[in-house]
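Chemist: Sharing a model prediction with you, sequence too.
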Amino acid sequence: MSEHILSIIWLTPLVGMLAVMCLPKDKKDLVRYVANAFAVLGVLVTIPMIRAFDSSNGDFQLVERLEWIPALGAQYYLGVDGFGYLMILLTVVVGWLSILCSWASIQDRVKEYYAFFLFLQAGMLGVFMVLDVFLFYVFWEIMLVPMYFIIGIWGGGKRLYAAIKFFLYTLAGSVLMLLAMLTVYFKHFEQFGHYSFALEDLMRVAAYTGPEMQFWLFWGFFIAFAVKVPMFPFHTWLPDAHTEAPTAGSVILAGILLKMGLYGLVRFAMPMFPKGATDDLTIQMVAALSIVGIIYGALVSLMQKDWKRLVAYSSVSHLGFCTLGLIALNPNGIAGGMLQGLNHGLSTPLLFLAVGIVYDQRHTREIADYGGLANRMPIYTVLFAISLFASMGMPGLNGFIGEFTILRGAFEVSIWWAGFAVLGIILGAAYLLWLFQRVMLGPITNPKNEKVRDMNLREIVVMAPLIAGCFWIGLYPKPCFEILEAPTNKLVERLDPGYFSRNAAEEPAEEVRLARLAPEGPSASE
Amino acid sequence: MMDAITFTATDFHVLKPAILLCLFGCGILLTDAFLVRRIGKRWYNAVTALVAEGAVILAVLQHMSDVRSGGPISGLGGSILIDGFGVFFNVIFVLAASLAVILSARYMEAEGEHRGEYYALVLFAQAGMSIMATGNDLVVLFVALETMALSFYVMVGFLRSSKKSNEAAMKYLILGAFSSGLLAYGLSVLYGIAGSTSLEKVGEAVAARPEGDWATILALITTSVGLFFKIAAVPFHMWAPDVYEGAPTPTTAYVSVASKAASFALMIRLFLSAYGSAADAWIPLLGAIALVTMTIGNLAAVTQSNLKRLLAYSSIAHAGYILLGLVAANEAGMRGIAIYILAYVFMNFGAFALIAALRRDGEAAEELDDLNGLFARAPGYTILVAIFMLSLAGIPPMAGFYGKYYIFLGLLQEGYYVLAVFAALYVAVAAYYYFRVIRACWLQKGSETPATLDMNLGTRVALVGSGVLTVLIGVMPQRFLDLAGESVLATLR
């Protein structure tokens, strides 16, 4: 039992999908209960993983390894380290909440909806735990299919367009990754005489490939991940997909799918091609694109008239921070980038849920149609404000910790990087506060808003765990840093051998530095 | 050579599949004329054809075990060569012909053209294809190709009262005859070079010619063009959409899968053995043709509104991918071709089976819009549509992915990075039009008078079987990859 923890985690939603498919179509409530039960079960089955996980260990844990296709050297090979561990926890929680939040808003084709959602959940969990590159590609691709249907069937007015755009963009990126994958795979065969897709085997190829080859291979992977992140200029699918998707779909897209891009970078692209990732041109381009993304995303958010689109563009800006942190290639940058990914996975779903709650009542996303909601919805106002502050990087909430750590990492590389990123934070505060002002404050100008009701218990229950998470990371981020520390250090050492021994003389040991960072968050807010 | 005309047991053994097919084909003609027509139950003919397929698969499996234990078997003075490659393709033909027979029973009945000759032609065509995959002699290969082609010309025009079907048959006949002429011309030049029709002798003679020899180039170009017609490679693809659209749908499926597979089998044999030494000349040629074929096929498919035409252009694009396997000309490329064709049988037949079953007021419904709202009427079959389309698009873990996987690998191994990048990016283009089909079934609302699925038990079994195999090859590919791998070892001697 205990040696199959990871398999159980990703198979639970899949079993849930099969169960939902067996239920009669017209018993909508039964379908909802079963789907939610499996979503909760999906959270519960991670408990053994939490108990068994050792955050001081930088290697892969809970490893499962079976032969799958010997002819290709592809294996059923699972394992987690700190990066995957946090992402799995985020996925089960956000997945559960998005299934819960769909209870009332989905009335059509309910059975198919939950089946696709559970399928999607299984695919996403698979992505975060596979260590075989071939199987990774399978999970990575197959997961697009349920998302296509979720956007395409239950989405808003332009759903057909948004769904196929999402699919094709991601697919085009992925096929380039497939070619890069196959090239490394073949190089491994040339070097070692046997075919294998296992991550550690393919990582060994780096020692035998020149910088130029690694540069191209890195970019083959990078484009796939950059589309998913999404990084400017590969982001154009995102506003459409996020805006047109049903609330739960937006929550999953923003909360988890985007994180796959970050995860892919730290798990595959960077460790497999260290010379490609540390290439000067790569660093300059990625940093420049990240900074452009930060500023551009924020400026475009300022201009949006559509509430959901504003939140969507804010993701472009926020994820720019994450990639900037990663490409700083130092412990603060990478740990900060991944932590900020996690933070974004908590705070942006909150914003989408908040839009969903009023959208379900008013069926409009135009910011101009709202105004003065605070008069009618006190609980909503408080929770929405907290979500905004979390997203904005208010000290005491999670966003601050992430942005602060990234800025430290970026500062170590270049003062300009940090300077531009700070500009992004200011703009972020501007568009979010302005949004709050326009929809929540002032008198009610539109008579239709007189009748809106405040949040019901289910809606509060959906938002509460995420808000708790925001406060937890904001006030006590140490556990997260501890989890991220071992894999981060391992990655930095891989990218820049001797980084720690070189810096040990000048600075306190890395462990001390990271541990010291933890209490800094709240203290800075005082 | 004259003294070799004694018919030995080995000769009989190597010809057994073709002999069985011809005998059963004649048997169907006779029983149809004297027995079945009186009883009035035409599906008896389909059963006879399936029995024939059963007998053929036994013969083919026997070949397979013989080849595994004792290596390739040569018969009829070396003009037939049974090796892993030929056996593999014969398995493909049996699968394709069986599926075609199963689908035809219902379809031809509904179209009012259910006659025994049809099944006889299915078997005769297969006899030709069987020899195309195992032939080792220029004349034998050519006669086999013509046997196949003549049967197909008639099958395509089998809907006598349909204008489209007649037009398609005419077009196919004229262009087919033209391409056969070119092919025959090229083969005669090869004979002129070698003074022999045996592929080995031709190969040796071509290798002995100086580099850049005009006769070799002439033979290469004319035979290639002839074969490009058969596989519908651009710019010789113009017949394909019209023929695919006009032909009875089960025939379309049969032509698109089996005739393409057989032509590729012939092409691989010819290029790897006869032109093996001239690879420097034909690799750029095939690479360029493959690239154009993928481009035109994929881009033209995007705008189609008729399902059969859409799949016709998609099959042109697939031909481009398969050609890339031959461009790579290494083990991965050959494996890719084999597994690609195997997967193509199931996914393409599955797609065509649904189109064949789709009817509105008794008329065949073949437009993309006819699929609108299918999810509400037949949820199970819409899942199958999604599986077939994802597989055709090459999304893992579906069967269609592995063909592309190996072909990309083959290209990368040879360093054809640019070709590989183009081929990979066209996957995204192709996904667009396959998703148009999925979108129609899943996302669009149906009209007031929706098209319905009209199926008998056989069609259902064939459809579900194809769907299951498409997924099974995708998820548990090991056995199938082994089978494909075994087949290609023979070609890369």
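Modeler: Received, thanks. Numbering: from 1, shown residues only, chains lettered A, B, ... in the order given.
Chemist: tell me the pLDDT at residue A:515?
Modeler: Looking at residue A:515, its pLDDT stands at 50.
Chemist: do the same with residue B:109
Modeler: 88.
Chemist: Kindly report the same for residue A:442.
Modeler: For residue A:442, pLDDT reads 85.
Chemist: Number of residues surrounding it?
Modeler: 13 (other C-beta atoms under 10 Å in any protein chain shown). C-beta: built from backbone N, CA, C; applies to glycine.
Chemist: List the contacts of it.
Modeler: Contacts for residue A:442 were tallied using C-beta atoms under 8 Å, 6 or more residues apart in numbering or on different chains; they are A:371-372.
Chemist: That one: which element?
Modeler: Using DSSP states H and E, residue A:442 maps to neither a helix nor a strand.
Chemist: now do residue A:75
Modeler: Assigned by DSSP H and E, residue A:75 falls in strand A:74-80.
Chemist: Can you report how many residues lie near residue 213?
Modeler: By default, I'm working from chain A. There are 18 residues near residue A:213, going by other C-beta under 10 Å.
Chemist: My question was about chain B, not that one.
Modeler: Neighbour number of residue B:213 under other C-beta under 10 Å is 16.
Chemist: Would you list the phi and psi of it?
Modeler: Note on residue B:213: backbone dihedrals following degrees, to the nearest 10 are phi -70, psi 130.
Chemist: Need the CA coordinates for the helix or strand following the strand holding residue A:75. CSV is fine.
Modeler: Sequence-wise, the next helix or strand downstream of strand A:74-80 (DSSP H and E) is helix A:82-101. Output of helix A:82-101 as CSV, limited to C-alpha atoms (Å, rounded to 0.1, in the frame of the first residue of the first chain):
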residue,chain,number,x,y,z
GLY,A,82,9.9,19.3,-2.9
PHE,A,83,8.8,20.9,-6.2
GLY,A,84,6.5,18.1,-7.1
TYR,A,85,5.3,17.7,-3.6
LEU,A,86,4.0,21.2,-3.2
MET,A,87,2.4,21.1,-6.7
ILE,A,88,0.6,17.9,-5.9
LEU,A,89,-0.8,19.4,-2.7
LEU,A,90,-1.9,22.5,-4.6
THR,A,91,-3.5,20.4,-7.3
VAL,A,92,-5.6,18.2,-5.0
VAL,A,93,-6.8,21.2,-3.0
VAL,A,94,-7.6,23.5,-5.9
GLY,A,95,-9.0,20.6,-7.8
TRP,A,96,-11.3,19.7,-4.9
LEU,A,97,-12.4,23.3,-4.5
SER,A,98,-13.1,23.8,-8.2
ILE,A,99,-15.3,20.7,-8.2
LEU,A,100,-17.1,22.0,-5.2
CYS,A,101,-17.6,25.5,-6.7
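Chemist: Helix A:82-101 to strand A:74-80, inter-axis angle?
Modeler: 90 degrees (axes from the mean of the first three to the mean of the last three C-alpha atoms, to 10 degrees).
Chemist: Enumerate every residue touching residue A:38.
Modeler: Residue A:38 neighbours (C-beta under 8 Å, 6+ apart): A:12-13, A:15-16, A:19-20, A:118.
Chemist: Go again with 7 Å.
Modeler: Residues near residue A:38 by C-beta atoms under 7 Å, 6 or more residues apart in numbering or on different chains: A:12-13, A:16, A:19, A:118.
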